[in-house]
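K.L.:
I'll drop the sequence and a predicted model, then ask my questions.
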Amino acid sequence: DAGITQSPRHKVTETGTPVTLRCHQTENHRYMYWYRQDPGHGLRLIHYSYGVKDTDKGEVSDGYSVSRSKTEDFLLTLESATSSQTSVYFCAISKGQGSPDGYTFGSGTRLTVV
Amino acid sequence: AQSVTQLGSHVSVSEGALVLLRCNYSSSVPPYLFWYVQYPNQGLQLLLKYTTGATLVKGINGFEAEFKKSETSFHLTKPSAHMSDAAEYFCAVVGGATNKLIFGTGTLLAVQP
């Protein structure tokens, strides 16, 4: 999607290893989000950021940490990957938290933990 | 707390038939409502949204949705399905205490020739 890129697009990792996913935006939006998508659950919010170094937990934050040292980058780290974290991860951005414009999503990272 | 319910995880229609995807929400305050579409192996694309004003909103690809406050619904329709409409559709709401986008569990639309 224009203005927001995720890397890598695909990753296979072993149980117990740390993994970092990157989200980069060129829109200068204040808010950034990490969601995971699983069949039957839709998208669930993991963490979000409302500014540089300002982050907060979402509904499924256990086992994940985030960092935002620059406006344009939001990193999601799985501290010790487990098979239950196999999922598709989406980053999103918005101008405001309750923005009537909705969120803009990246193309996703498909993570497989073996 | 906000929540979104999408009735029917799988919907199948014939090409040319009416598409109706159902979405009900709960919110303690007037919400913003959205429909997103996800094509295979892609991200989510905004289809349409309701914020304020006219309750019937039109989106891309011939889709529209009507906000019915009395029924707390925001169903998505398209008069005539096309093969290219096959995708997963997500209803979402923002508003209330959490003020973040909350998604339904999605409806996978199949279009039969």
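P.N.:
Structure's in. What do you need?
K.L.:
strands along the chain, start to end?
P.N.:
By default, I'm working from chain A. For chain A, the strands defined by DSSP state E cover A:4-7, A:10-13, A:19-25, A:31-38, A:42-51, A:54-57, A:64-70, A:73-78, A:87-94, A:104-105, A:109-113.
K.L.:
if you could check chain B rather than the one you did, that'd help
P.N.:
B:3-7, B:10-14, B:19-26, B:32-38, B:44-50, B:56-58, B:64-68, B:73-78, B:87-94, B:102-103, B:107-112.
K.L.:
so for the first one, what's the average pLDDT?
P.N.:
What it means is strand B:3-7. Per-residue pLDDT values over strand B:3-7 give a mean of 91.
K.L.:
how big is the angle separating it from strand A:42-51?
P.N.:
Interaxial angle, strand B:3-7 versus strand A:42-51 (axes from the mean of the first three to the mean of the last three C-alpha atoms, to 10 degrees): 150 degrees.
K.L.:
neighbouring strands for strand B:3-7, and are they parallel or not?
P.N.:
Next to strand B:3-7 in the sheet, as set by DSSP bridges, lie strand B:19-26 (antiparallel).
K.L.:
buried residues, the partner strand. List them.
P.N.:
If you call a residue buried by 16 or more other C-beta atoms under 10 Å in any protein chain shown, then strand B:19-26 has these buried ones: B:19, B:21, B:22, B:23, B:24, B:25. Just so you know, the C-beta spots here come from the backbone N, C-alpha and C atoms, and that holds for glycine as well.
K.L.:
and the first one, how far is that from residue B:64?
P.N.:
It stands for residue B:19. Using C-beta to C-beta, to the nearest Å, we find residue B:19 at a distance of 10 Å from residue B:64.
K.L.:
same question for the last one.
P.N.:
Noted for residue B:25: a distance of 17 Å to residue B:64, by C-beta to C-beta.
K.L.:
return the residues of chain A in contact with chain B.
P.N.:
Applying C-beta under 8 Å from any C-beta of the partner chain, we find that chain A lies next to chain B at A:1, A:33, A:35, A:40-45, A:48, A:58, A:90, A:92, A:94, A:97-108.
K.L.:
can you tell me the closest non-neighbouring residue to residue 45?
P.N.:
I'll assume chain A. residue A:58 (3.1 Å; C-beta to C-beta, 6 or more residues apart in numbering or on different chains).
K.L.:
try again with chain B
P.N.:
residue B:37 (5.3 Å).
K.L.:
what are the bridge partners for that neighbour, then?
P.N.:
With DSSP bridges as the rule, residue B:37 is bridged to residue B:45, residue B:89.
K.L.:
contact partners for the residue nearest the centre of chain A?
P.N.:
For chain A, residue A:34 is the residue whose C-alpha lies nearest the centre (C-alpha atoms, centre = their mean; 2.7 Å). Neighbouring residues of residue A:34 by C-beta atoms under 8 Å, 6 or more residues apart in numbering or on different chains: A:21, A:23, A:45-48, A:58, A:64, A:66, A:74, A:76, A:89-92.
K.L.:
distance-wise, check residue A:31 relative to residue A:91.
P.N.:
Going from residue A:31 to residue A:91 by C-beta to C-beta gives 11 Å.
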